[in-house]
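# Let's see this in three dimensions:
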Amino acid sequence: MWPFSDRRKKRRYEVSWQAVLHADFNEEKTAMDVTVVEVSLAGARLEMPSLLTGSKHVLAGQPTRLVLEILLSEGLFAAPIRFQWARYEEDIRKFHVGVSFEDPSRECLSVLEAEFRTIRRATA
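Modelled structure (predicted):
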């Protein structure tokens, strides 16, 4: 089992973007601020102070819909997501959560691609 192989198909970028996670439950719609710390065209790693949003748990509460919104210099990225994994980071006292983007629109992907070009130019 060890060492684990990296199965990612898309290049990841380390970032520090503020975002909003919208979680819809049958009787309640909630939103919470999160930080995107790593992102690709396929998904992201989020840093969250808690897994509770309003009175609901975003993993165990079985939301009917999850949407991640990120306002970037190139435009608004908003896509449905699915949680892939979660772990508590003791040293920073926050949760890291891996998410995949579920069928993002072409416009949203274009916003991310443009932002990635900007990142590559800045680090070249």
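
# rest of the way, CA atoms for contacts and neighbours
Noted.

# measure Gly61 to Leu51 for me?
The spacing between Gly61 and Leu51, counted by CA to CA, to the nearest Å, is 10 Å.

# more crowded one of those two?
More neighbours surround Leu51 than the other of Gly61 and Leu51, with 19 against 14 (other CA atoms under 10 Å).

# Give me the distance between that one and Glu27.
18 Å.

# Arg45 - nearest residue in space that isn't next to it in sequence?
Nearest residue to Arg45 in three dimensions, chain neighbours excluded: Gly98, at 4.5 Å (CA to CA, 6 or more residues apart in numbering).

# And Ser105, by the same measure?
Ser105 sits nearest to Ala79 (CA to CA, 6+ apart), 7.4 Å away.

# just checking, the one you found touches Ser100?
No: the criterion here is CA atoms under 8 Å, and Ala79 misses it with Ser100 at 9.7 Å.

# Below-threshold pLDDT in the protein: ranges please.
Across the chain, the ranges flagged by pLDDT under 70 are 1-9.
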